[in-house]
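Colleague: This is the structure alone, sequence omitted:
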């Protein structure tokens, strides 16, 4: 993905790192441990004899640190391939700083670089190999330009597509393919910025959306259990556009096909519709369940959040191998555990390209019930989940991090229940107190920047979390209502941040005594309506919030730069 220079902020961070350089001693100071890509599990942890993993360093310091006697783990430069979350838990792991060794870049990679010599041209794959049985769905015209990769043979996780969207419980997204720092496109129809709208498909059947089953909508004031909501029926569409009608019959099994009898050589096995269904501000996704060319109908499973209407229809058919017809598109075939990649690279060749897959689906670090832990100067690259999660953490600091290629939020402080944000049952919890995200660069995010949940609205106890001096951009790429800063709870601060280039809002305020000040907002709210750069409301008791000194440039859509939505 395009990399940007942070200017003054980057220089300031580098200067701070340089002044913090430790002396290169043969034996470590007390509570100082070193980690290196070429370290060993049985090492002493000195600069000259480093350990191999952060977990080994964590365990070496466990129980030895305190507020008066903190510890430091210096992480030497290199790439640390990540397959499990680094868990920092409890008092025994408190008061430790995990820092990149000064002058070196330590990257934790949830992206797996695909070996160039493991790619094959689709035309060179021998006929009859069972794991390539879906190849028949690839359009004949692009076969000479399509490359394939056996991910399963390399042990590379392939993830899955989950039900996600506005006010649905966030789940990890499907792995993303990245070529020369640019995210590629999951095979879809139509291509580019075009969408299937009411001129292409019309709503034939529109069952109630899940929104109708929350407490503020039901006659008895109760909310349907979340798992039951997922079992509600999805909408049925009629395909009216001639171009779409010519091709949609392969997007799913024919209506009436028994489970287990799908012919994957002719029909898609995991196609979805992704976009807007019941309005133009709450994205959603439903699985394409079956098609019936006799009446041009397209049936879906999973409900929409809002009742589907023709007015707001704007989506793509996604994860459809038969639509892999454009440069930059890819598809992962998980059917029957085949776990194979089909890819149409830019220019029709993978020569000279660096191609990687986001294969990790969890946080890089989870800080739980710890105090005084700092992550400093690290690069966290690629997860289909959240970058860093803090639960019941106290006085912890994320300083000078770069978090990128994350499908959900870059940082999550606390958690929320499954209730929709508009109803009284919505609650945040486990936010802890006095945590900071500072001097960091958060970008290329499917979700938001920093989910900040801290403080108690019943007692007005403050969370006192601070998010400041960060650059946050290219976020909300996969979801709506996922801002650069979620300000939830009581007494949290978002200030001196540069937030830019995203399709949706910068800040959502849901709470009391927040400070949002001296931020710079540019080129935001470019895609959806009913939003503002700063969005607050839905509860008249959200009081005493300060919003001040924010230059706003490039605001294109929504009601006004700061939208107070009651």
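Modeller: Yep, that arrived. Note that this is a predicted model, so its numbers are computed, not measured.
Colleague: could you show me where the strands are in the stretch 451-566 of the chain, in order?
Modeller: Applying DSSP state E, counting those that start in this stretch to the stretch 451-566 of the chain gives strands spanning 461-462, 466-468, 471-473, 485-490, 493-495, 498-500, 507-512, 515-517, 520-522, 534-537, 546-548, 552-553, 562-565.
Colleague: Output the contacting helices and strands for the fifth one.
Modeller: Right, strand 493-495. Other helices and strands packing on strand 493-495, by 3 or more CB pairs under 8 Å, 6 or more residues apart in numbering; DSSP states H and E, are strand 466-468, strand 515-517. No exception for glycine: its C-beta is placed from N, CA and C like everyone else's.
Colleague: do the same with the second one
Modeller: Using 3+ CB pairs under 8 Å, 6+ apart as the contact criterion, the neighbours of strand 466-468 among helices and strands are strand 436-438, strand 493-495.
Colleague: Any idea which of these gets closest to residue 527?
Modeller: With CB to CB as the measure, strand 493-495 is the member of the helices and strands packed on strand 466-468 nearest residue 527 (22.0 Å).
Colleague: Give me the buried positions along that closest one.
Modeller: Neighbour-count burial for strand 493-495, counted by 16 or more other CB atoms under 10 Å, picks out 493, 494, 495.
Colleague: Average pLDDT for it, rounded please.
Modeller: For strand 493-495, mean pLDDT is 98.
Colleague: Tell me the strands beside it, with direction?
Modeller: strand 466-468 (parallel), strand 515-517 (parallel) (DSSP bridges).
Colleague: Of all these, which one is nearest residue 309?
Modeller: The closest of the strands paired with strand 493-495 to residue 309 is strand 515-517. By CB to CB, the value is 34.2 Å.
Colleague: what is the mean pLDDT for that closest one?
Modeller: Rounded mean pLDDT across strand 515-517 is 97.
Colleague: ok so, going back, return the most buried member of the strands of the stretch 451-566 of the chain.
Modeller: strand 485-490 (a mean of 28; mean count of other CB atoms under 10 Å).
Colleague: now that one against strand 507-512, angle please.
Modeller: Following axes from the mean of the first three to the mean of the last three CA atoms, to 10 degrees, one obtains 0 degrees for the angle between strand 485-490 and strand 507-512.
Colleague: Show residues contacting strand 485-490.
Modeller: Contact with strand 485-490 is made by 409, 414, 416, 428, 431, 448-457, 460-463, 467, 472, 494, 497, 499, 506-514, 516, 545, as judged by CB atoms under 8 Å, 6 or more residues apart in numbering.
Colleague: where does this structure dip in pLDDT?
Modeller: By pLDDT under 70, the weakly predicted segments of the chain are 1-29, 551-566.
Colleague: can you pull out the helices in it?
Modeller: 8-19, 54-61, 226-229, 242-245 (DSSP state H).
Colleague: and the last one, which residues are buried?
Modeller: By neighbour count on 16+ other CB under 10 Å, the buried set for helix 242-245 is residue 244.
Colleague: ok, back up a step: I'd like the strands paired with strand 493-495 laid out as a markdown table, including distance to residue 483.
Modeller: A markdown table is the format used below for the strands paired with strand 493-495 (distance: least, CB to CB, whole Å):
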| stretch | distance to residue 483 |
| --- | --- |
| strand 466-468 | 11 |
| strand 515-517 | 11 |
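Colleague: Quick one: closest of those strands to residue 203.
Modeller: Residue 203 lies closest to strand 515-517 among the strands paired with strand 493-495, at 39.3 Å (CB to CB).
Colleague: Please compute how far the closest one lies from its chain's middle.
Modeller: 25 Å (CA atoms, centre = their mean, to the nearest Å).
Colleague: Check stretch 193-213 too.
Modeller: For stretch 193-213, the distance to the chain centre is 25 Å (CA atoms, centre = their mean).
Colleague: which other residues reach that stretch?
Modeller: Contacts to stretch 193-213, defined as CB under 8 Å, 6+ apart, come from residues 167-168, 189-190, 217-218, 223-224, 229, 232-241, 244, 273, 275, 278, 297-298, 303-311, 313-317, 420.
Colleague: of the residues you listed, buried ones?
Modeller: Neighbour-count burial (16+ other CB under 10 Å) applied to the contacts of stretch 193-213 gives 167-168, 189-190, 217, 223, 229, 232-237, 239, 241, 244, 273, 275, 278, 297-298, 303-309, 313, 315-317, 420.
Colleague: Among these, which are located in strands?
Modeller: With DSSP state E as the criterion, strands contain 189, 236, 237, 239, 273, 275, 297, 298, 315, 316, 317 from among the buried ones among the contacts of stretch 193-213.
Colleague: so the first one touches residue 317, yeah?
Modeller: Yes - assessed by CB atoms under 8 Å, residue 189 is found in contact with residue 317 at 4.7 Å.
Colleague: any common contacting residues for these two?
Modeller: Contacts common to residue 189 and residue 317, judged by CB under 8 Å, 6+ apart, are 196, 323.
Colleague: Contacts only, for residue 438.
Modeller: Per CB under 8 Å, 6+ apart, neighbours of residue 438: 397, 398, 399, 400, 466, 467, 468, 469, 470.
Colleague: To residue 158, which of the strands paired with strand 493-495 lies closest?
Modeller: Taking CB to CB, strand 466-468 is the member of these nearest to residue 158, at 34.0 Å.
Colleague: re the thing from before, output the strands of the stretch 451-566 of the chain as a markdown table; include the columns distance to residue 261.
Modeller: Formatted as a markdown table, the strands of the stretch 451-566 of the chain follow (distance: least, CB to CB, whole Å):
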| stretch | distance to residue 261 |
| --- | --- |
| strand 461-462 | 58 |
| strand 466-468 | 52 |
| strand 471-473 | 48 |
| strand 485-490 | 45 |
| strand 493-495 | 54 |
| strand 498-500 | 51 |
| strand 507-512 | 46 |
| strand 515-517 | 56 |
| strand 520-522 | 53 |
| strand 534-537 | 48 |
| strand 546-548 | 58 |
| strand 552-553 | 56 |
| strand 562-565 | 49 |
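Colleague: Quickly note the distance from the nearest residue to residue 111 once chain neighbours are set aside to residue 412.
Modeller: Spatial nearest neighbour of residue 111, excluding adjacent residues (CB to CB, 6 or more residues apart in numbering): residue 382 at 3.4 Å. From residue 382 across to residue 412, the span is 17 Å (CB to CB, to the nearest Å).
Colleague: Then residue 122?
Modeller: Distance of residue 122 to residue 412, computed by CB to CB: 40 Å.
Colleague: So what touches stretch 226-245?
Modeller: The contact list for stretch 226-245 (CB under 8 Å, 6+ apart) reads 163, 169, 189, 196, 199-208, 210, 213, 248, 277, 286-287, 289, 295-304, 308, 418.
Colleague: Show the buried residues in those residues.
Modeller: Buried among the contacts of stretch 226-245 (16+ other CB under 10 Å): 163, 189, 196, 200-201, 203-204, 206, 210, 213, 248, 277, 286-287, 289, 296-304, 308.
Colleague: now the strands: where do they sit in the stretch 101-250 of the chain?
Modeller: Under DSSP E, counting those that start in this stretch, the stretch 101-250 of the chain gives strands at 106-109, 111-113, 120-121, 147-150, 177-179, 182-183, 185-186, 188-189, 196-197, 201-205, 236-239.
Colleague: Adjacent strands (with direction) for the strand ranked longest in the chain?
Modeller: With secondary structure taken from DSSP E, the chain has its longest strand at strand 283-292. Counting by DSSP bridges, the strands paired with strand 283-292 are strand 253-254 (parallel), strand 272-276 (antiparallel), strand 297-301 (antiparallel).
Colleague: JSON lines for the buried residues of strand 493-495, including distance to residue 479?
Modeller: Listed next are the buried residues of strand 493-495 as JSON lines, based on distance: CB to CB, whole Å:
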{"residue": "493", "distance to residue 479": "24"}
{"residue": "494", "distance to residue 479": "19"}
{"residue": "495", "distance to residue 479": "25"}
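Colleague: and which of these is nearest to residue 322?
Modeller: Looking across the buried residues of strand 493-495 and measuring by CB to CB, the closest to residue 322 is residue 494, at 44.9 Å.
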